[in-house]
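# I'll drop the sequence and a predicted model, then ask my questions.
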Amino acid sequence: MLSEVIACAAGLIIVWKVSPFKRKMPPLKRIADPASLKKMMMVNRDLFIRTLCLLTVFNSFTAKGASFGTEVLAANAILLQIHFIMAYFFDGFSNSSSILVGKAIASRDDPLYKKTLMLSCQWAFLSALFIAGCYYLWSNYILLLFTPRPSVIELAHTYQIWLILFPFSAGLGLILYGVFIGATETASIRNSMILALVLYLLSQFFFVPSYHNHGLWLAFILFSLGRSVFLAICIPNLNQKFFPKKSIEHENLKSI
């Protein structure tokens with residue numbers, strides 16, 4: 001609670017110091033603009049559905065893991081916490097992509113947009129190599145930060161291959177979220193998450209009875225991979241919507 005309050009206060013101070021906007025309330029008509037409000041509510045709706053899907057996956061994962069015993073539950077909990085740290089690493093690139101894509105679309109800057117997409121894909125792969133390599137090399141030390149119990153650490157080592165695969169399966173999707181949020185095309189995020197959730201539930205149904213906790217982690221990795229693949233499939237439509245080839249070529253001809 002204290003960290004959240006400090007972060008909020010620091011954010012307000014930074015905005016107050018660097019904001020170029022006038023520090024006064026805008027007209028009520030501008031605040032209550034129906035088109036802007038509708039757009040904001042649609043974005044919020046899509047991201048809310050995305051969050052519900054994520055909560056369903058994590059709650060289901062935890063509940064199913066608990067059925068395998070307390071030590072497996074503890075090992076899964078530790079691996080999930082490490083997975084969150086990995087995901088936060090990708091979130092930094094996601095936030096950068098969001099800012100640059102928003103800027104590119106607002107200014108109709110096709111080169112900036114394409115460069116951002118290219119760099120997003122490159123950093124997804126390089127980050128996955130870096131994160132997976134770091135965990136593989138120092139997993140013993142990392143696990144000791146969470147528990148001193150040898151039995152739990154041994155179980156975590158048993159299932160750590162899935163955690164090593166996580167950056168490669170989820171990295172691109174996590175960074176592409178920033179691309180789509182920057183473009184405010186959150187319907188694609190919502191739809192990709194729903195499809196990934198369906199893939200997870202089906203995988204859990206088929207694999208867990210035979211492979212137990214390994215099957216549970218396999219379902220989670222397939223969910224993460226689905227997030228990446230289903231969102232990547234939407235990229236051509238995003239390109240066509242904001243930077244259609246014909247209109248760009250027409251503008252280039254006009255400038256010549």
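Looks like it arrived, so ask away. Everything numeric here is computed off the predicted structure, so don't read it as measured data. Numbers count the residues shown, from 1 in each chain.
# Just want the most central residue of the protein.
The centre of the chain sits closest to Leu174, judged by CA atoms, centre = their mean, with a distance of 3.1 Å.
# Tell me who's in contact with that one.
Ala87, Phe90, Asp91, Ser94, Ala124, Arg227, Ser228 (CB atoms under 8 Å, 6 or more residues apart in numbering). In short, each C-beta sits where N, CA and C put it, glycine included.
# buried sites along the one helix or strand it maps to?
Assigned by DSSP states H and E, Leu174 belongs to helix 150-182. Applying a neighbour-count criterion of 16 or more other CB atoms under 10 Å, the buried positions in helix 150-182 are 152-153, 155-156, 159-160, 162-163, 165-182.
# shaky segments in this protein?
Filtered on pLDDT under 70, the chain yields the residue ranges 21-23, 246-256.
# biggest helix in this structure by residues?
helix 186-232 (DSSP state H).
# Tell me the helices and strands packed up against that one.
Here helix 186-232 touches helix 34-66, helix 70-106, helix 150-182, going by 3 or more CB pairs under 8 Å, 6 or more residues apart in numbering; DSSP states H and E.
# Could you point out the helix or strand that follows that helix?
Assigned by DSSP H and E, the successor of helix 186-232 is helix 235-242.
# How far off centre is that next one?
20 Å (CA atoms, centre = their mean, to the nearest Å).
# quick one: Ser188 and Cys234 touch, right?
Yes. Ser188 is in contact with Cys234 according to CB atoms under 8 Å; the separation is 4.1 Å.
# which residues are common contacts for the two?
Common neighbours of Ser188 and Cys234 (CB under 8 Å, 6+ apart) are Phe180.
# Which one's more surrounded, the two?
Neighbour totals were compared for Ser188 and Cys234, and Ser188 leads with 21 against 18 (other CB atoms under 10 Å).
# List the residues that contact that one.
Phe180, Leu231, Cys234, Asn237, Leu238.
# Give me the contacts around stretch 71-88.
Outside of stretch 71-88, the residues within contact range by CB under 8 Å, 6+ apart are 58, 61-62, 65-66, 131, 135, 142-143, 146-147, 149, 151-152, 155-156, 158-160, 162-163, 166-167, 170, 174, 213, 216.
# again, only using 7 Å
Residues outside stretch 71-88 that contact it (CB atoms under 7 Å, 6 or more residues apart in numbering): 65-66, 131, 142-143, 146-147, 151-152, 155-156, 159-160, 163, 166-167, 170, 174, 213.
# Next: stretch 156-172.
Under CB under 7 Å, 6+ apart, the answer for stretch 156-172 is 75, 78-79, 82-83, 86-87, 90, 121, 124, 127-128, 131-132, 135-136, 139, 143, 213-214, 217, 221, 224-225, 227-228, 232.
# Just the buried ones from these?
75, 78-79, 82-83, 86-87, 90, 121, 124, 127-128, 131-132, 135, 139, 143, 213, 217, 221, 224-225, 227-228.
# any idea how far the residue nearest to the centre of the chain lies from His83?
11 Å (CB to CB, to the nearest Å).
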